[in-house]
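Asks: Provided below for reference: sequence and predicted model.
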Amino acid sequence: NLSDRLESTFKKLRGRGKLTPSDVEKGLREVRLALLEADVNFRVVKDFINRVKERALGAEVLESLTPAQQLIKIVHEELVHTLGDSAVPLNLSGPKPIPILLVGLQGSGKTTTAAKLAKFLKKKNLKPFLVPADVYRPAAIDQLKTLAKQVGVACFDSQPDQKPVDIVKQAMAEAKAKGYDVVIIDTAGRLHIDDEMMAEVEEIKQAVEPRDVLLVADAMTGQDAVNIAKNFHEKVGLTGVVLTKVEGDARGGAALSIRAVTGCPIKFLGVGEKLDALEVFHPDRMASRILGMGDVLSLIEKAQEAFDLKKAQELQKKLKKDAFTLEDLRDQIRQMKRLGSLESIIKLIPGIGSKLKDMPFDEKELVRMEAILNSMTPQERRNPKILNASRKRRIAKGSGTTVQDVNRLLKSYEEMRKLFKHMRKKGGLQALARNLF
Ligand code: GDP
Ligand code: MG
């Protein structure tokens with residue numbers, strides 16, 4: 001799947017330390033393949049890769065100490081851009097009742113989405129009114145009526161022998177009379193786009209002037225969903241797309257193409273059959289999800305702000321000479337304390353990998369560690385071997401900790417040193433980094 005592919009590509013790059021232009025090219029070639037395999041439209045992929053490449057081959061990335069992270073950041077930003085930059089909410093302004101029209105092919109998830117939207121709006125303290133207007137399959141009307149009961153919202157009593165446009169007009173009148181806020185209209189779909197379906201949608205649209213016309217499209221159909229969106233948009237004019245079944249494997253592919261190809265914003269994601277499996281679409285969250293990184297990106301950004309690159313370079317030199325002292329450890333701790341999360345920053349220290357992640361660091365631990373280090377003399381920090389039992393007791397007392405805490409810190413420090421030593425033996429920091437990541 002797309003996330004896994006991208007993750008492994010970036011993993012390889014991370015292990016390389018400094019990147020050459022050809023590393024970047026190779027990496028982006030894999031990103032390109034991953035996107036194409038995820039069924040992203042090839043034109044969209046081409047544009048995307050070009051934009052990333054242009055930025056990635058600049059000094060910003062190649063000369064940074066954390067080129068892979070920089071590259072990931074650029075890929076993330078360009079993904080966000082492709083996905084539409086920012087979230088576009090439903091248009092709920094203006095006089096009520098507000099009609100929302102759902103269109104799309106059969107089986108795309110219109111009826112389910114209608115009920116999900118009703119639930120979503122109900123949570124926002126709005127009064128939704130569901131309107132079944134799919135008269136071709138009597139079961140479809142009952143389906144929405146049943147779902148409405150489950151959600152606990154009102155549903156128009158459509159009859160299968162009514163014309164859809166009449167249903168919709170009557171439903172609007174009833175909504176107005178009863179003070180409903182939003183009227184959600186579930187229309188009939190076909191197996192394929194045909195003129196009759198489009199004409200019907202057009203007629204309903206003219207009758208009620210919906211504030212939002214949402215295409216419900218099945219993400220699992222990949223490029224088909226994109227073509228359907230394009231077609232609907234050209235013929236009836238959409239204000240947005242609800243992408244359903246996104247929890248499946250095709251995750252990301254259709255989303256990436258739809259906005260770029262149609263210019264239509266994705267407004268919601270359907271992520272399951274249950275009625276609360278509806279998410280507001282946020283381009284940045286989707287991008288993070290595609291990259292399989294959750295909130296790691298914002299941490300990287302934070303780390304970059306707080307991390308003193310010059311100090312990192314000095315540290316790297318010291319590590320090469322096996323001159324990593326408790327003074328350096330204290331510097332590191334002070335830098336780390338400026339961050340919320342340790343793991344992210346530890347991974348950013350050049351030449352130190354995920355192994356250190358398992359060390360017993362948490363926020364409180366850091367405060368404790370710094371207190372202990374502050375209670376030592378500079379000589380002791382530079383050469384902890386001179387610490388004897390009575391000095392350890394004094395340090396524990398001075399820092400409000402215990403001798404065990406002092407010993408634990410010294411042990412962690414020894415482990416780090418051993419690790420660094422091991423790194424050098426194994427053929428340099430670069431080689432170790434490659435093994436660790
Ligand atoms: P319609 O013909 O467009 O009205 O489609 P339905 O709402 O009847 O949905 C068709 C099928 O897709 C049903 O089995 C739904 O449970 C399922 N479905 C709808 N949305 C989602 C979704 O987001 N995820 C999953 N996994 N299934 C969905
Ligand atoms: Mg239906």
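Replies: Nice, thanks for sending it over. Numbers count the residues shown, from 1 in each chain. Ligands and ions are numbered 1, 2, ... in the order given.

Asks: contact residues of the stretch 101-250 of the chain facing ligand 1?
Replies: Contact residues, the stretch 101-250 of the chain versus ligand 1 (C-beta under 6 Å from any ligand atom): 104, 106-112, 189, 216, 244-245, 247. Just so you know, the C-beta spots here come from the backbone N, C-alpha and C atoms, and that holds for glycine as well.

Asks: for PyMOL, write a command that selects the buried ones of those.
Replies: Applying 16 or more other C-beta atoms under 10 Å to these leaves a buried subset, and the PyMOL line that selects it is:
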select buried, resi 104+108+109+110+111+112+189+216+244+245
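
Asks: can I get the residues of the stretch 101-250 of the chain next to ligand 1 in JSON lines with secondary structure?
Replies: Shown next, in JSON lines, are those (DSSP: H, G, I helix; E, B strand; the rest coil):
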{"residue": "104", "secondary structure": "coil"}
{"residue": "106", "secondary structure": "coil"}
{"residue": "107", "secondary structure": "coil"}
{"residue": "108", "secondary structure": "coil"}
{"residue": "109", "secondary structure": "coil"}
{"residue": "110", "secondary structure": "helix"}
{"residue": "111", "secondary structure": "helix"}
{"residue": "112", "secondary structure": "helix"}
{"residue": "189", "secondary structure": "coil"}
{"residue": "216", "secondary structure": "strand"}
{"residue": "244", "secondary structure": "strand"}
{"residue": "245", "secondary structure": "coil"}
{"residue": "247", "secondary structure": "coil"}
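
Asks: turn the residues of the stretch 101-250 of the chain next to ligand 1 into a markdown table, including distance to residue 34 and pLDDT.
Replies: Output for those, formatted as a markdown table (distance: C-beta to C-beta, whole Å; pLDDT from 0 to 100):
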| residue | distance to residue 34 | pLDDT |
| --- | --- | --- |
| 104 | 28 | 94 |
| 106 | 31 | 91 |
| 107 | 28 | 92 |
| 108 | 26 | 95 |
| 109 | 26 | 96 |
| 110 | 31 | 96 |
| 111 | 34 | 97 |
| 112 | 30 | 97 |
| 189 | 32 | 86 |
| 216 | 27 | 97 |
| 244 | 23 | 94 |
| 245 | 20 | 91 |
| 247 | 19 | 76 |
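
Asks: in CSV, list the residues of the stretch 101-250 of the chain next to ligand 1 along with distance to residue 26.
Replies: Shown next, in CSV, are those (distance: C-beta to C-beta, whole Å):
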residue, distance to residue 26
104, 40
106, 44
107, 41
108, 38
109, 39
110, 43
111, 47
112, 43
189, 44
216, 39
244, 36
245, 33
247, 32
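
Asks: nearest to ligand 2 among the residues of the stretch 101-250 of the chain next to ligand 1?
Replies: residue 111 (3.3 Å; C-beta to the ion).

Asks: ok, now which ones touch the closest one?
Replies: By C-beta atoms under 8 Å, 6 or more residues apart in numbering, the contact set of residue 111 is 132, 134, 140, 143, 144, 147, 186.

Asks: what's the farthest-apart pair in the residues you listed?
Replies: 134 and 147 (12.8 Å; C-beta to C-beta).

Asks: any low-confidence regions in the chain?
Replies: The model of the chain has pLDDT under 70 over residues 1, 17, 65, 248-251, 292-313, 316, 319-320, 335-363, 422-437.

Asks: how does it divide into domains?
Replies: Listed by automatic domain parsing, the domain ranges of the chain are 2-82, 98-284, 299-436.

Asks: deepest-packed of these, please.
Replies: When the domains of the chain are scored by mean count of other C-beta atoms under 10 Å, the highest mean neighbour count falls to domain 98-284 (a mean of 20).
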